[in-house]
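Visitor: Next one to model:
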Amino acid sequence: MLAITHVPSPAMSECLLTFVARSAIDHKRASRQHTDYCRVLRDCGLEVRTLDVNRELPDCAFVEDLAVVLDDVAVVTRPGAAVRRIEIAAIESVLRGHRPIERILEPATLEGGDVLRVGRTLLVGFSSRTNAAGIGVIEGVVRRFGYEVRPVPVRGCLHLKTACTSLPDGRLVVNREWVDVGALHGFDLIDIPADEPWGANVTCLGDTVLVAAAHQVTADLIAGLGFKVRTVELDEFAKAEGGVTCLSLVVA
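Guide: Purely as a prediction, here's the structure:
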């Protein structure tokens, strides 16, 4: 598996924010944390390609938002945040070597942080960054490859994956305050600890679950379910409304 990442921008303190207050971001510390994150990906058996093409753009490290990569196709997104659309070209050029490309086009918007694949189902967040037209476009694309799309209303957080991600066995880790769990019928839900509202953002690297180190109670909960857990410090990225899923695009 290949993980595409991007170095953090020196301008990261100027990143877009929606649901968190702005605070100073230490770029050197963020860069060290990003290096550690990439090391964990390699430890879990992934090849890591780290880009340095959008360095001047504050949100460039959050590559997950720019594409949805499936077995059969890569869907290049159209971010709801217009200023991020300039980042797309560089990511698309890399993905062209691995997948056929489809695009989300105007007036649709969709960000990869709103798309959670669980088997042959795509849960797609209806959020401040992904609109109904975007959900309709990706449904039209992936239906051809045998995927079902299920819209999931999101509230109080940036993306679906802020509030809901999956474990290796298909169970969902959720923060019920930020996602409409009625749209998740049929899935087994694991509630995150109330005092770690951001803890639902975890990512699966094979049979290992990666959790931000700030969410140790969540990490212990997941380990108690029988999964191997790795943690990584990402507090500088949390200041930019980011988490463990945001920093990579995985091409299986």
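Visitor: Let me see the mean pLDDT of the longest helix along the chain.
Guide: The helix spanning the most residues in the chain, taking DSSP state H as the definition, is helix 27-43. pLDDT averaged over helix 27-43 equals 98, rounded to a whole number.
Visitor: Send over it as PDB, restricted to the C-alpha atoms.
Guide: Taking Å, rounded to 0.1, in the frame of the first residue of the first chain, the C-alpha atoms of helix 27-43 are listed here in PDB:
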ATOM      1  CA  HIS A  27       5.700  24.700  12.500                       C
ATOM      2  CA  LYS A  28       8.900  22.900  13.700                       C
ATOM      3  CA  ARG A  29       6.900  20.800  16.100                       C
ATOM      4  CA  ALA A  30       4.300  20.100  13.500                       C
ATOM      5  CA  SER A  31       7.000  19.000  11.100                       C
ATOM      6  CA  ARG A  32       8.500  16.600  13.700                       C
ATOM      7  CA  GLN A  33       5.000  15.200  14.400                       C
ATOM      8  CA  HIS A  34       4.500  14.700  10.700                       C
ATOM      9  CA  THR A  35       7.800  12.800  10.400                       C
ATOM     10  CA  ASP A  36       6.700  10.600  13.300                       C
ATOM     11  CA  TYR A  37       3.300  10.000  11.600                       C
ATOM     12  CA  CYS A  38       5.000   8.900   8.400                       C
ATOM     13  CA  ARG A  39       7.300   6.600  10.400                       C
ATOM     14  CA  VAL A  40       4.300   4.900  11.900                       C
ATOM     15  CA  LEU A  41       2.800   4.400   8.500                       C
ATOM     16  CA  ARG A  42       6.000   2.800   7.300                       C
ATOM     17  CA  ASP A  43       6.200   0.600  10.500                       C
END
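Visitor: what about that helix, distance to the chain center?
Guide: Computed by C-alpha atoms, centre = their mean, to the nearest Å, the separation of helix 27-43 from the middle of its chain amounts to 16 Å.
Visitor: what's residue 23 in contact with, if anything?
Guide: With contact taken as C-beta atoms under 8 Å, 6 or more residues apart in numbering, residue 23 is in contact with residue 239. Bear in mind the C-beta positions are built from the backbone N, C-alpha and C, glycine included.
Visitor: try the one 10 residues further on
Guide: With contacts defined as C-beta under 8 Å, 6+ apart, residue 33 is in contact with 232-237.
Visitor: Residue 240 versus that one, what's the distance?
Guide: When distance is defined by C-beta to C-beta, to the nearest Å, residue 33 is 11 Å away from residue 240.
Visitor: Toward the C-terminus, what is the element adjacent to the longest helix of the chain?
Guide: Stepping forward along the backbone from helix 27-43, the first helix or strand reached (DSSP states H and E) is strand 47-51.
Visitor: tell me the mean pLDDT over the helix or strand that comes right after that following strand?
Guide: Counting by DSSP H and E, the next helix or strand C-terminal to strand 47-51 is strand 67-69. Confidence over strand 67-69 (mean pLDDT, whole number) is 98.
Visitor: how distant is strand 67-69 from the center of its chain?
Guide: How far strand 67-69 lies from its chain's middle: 10 Å, per C-alpha atoms, centre = their mean.
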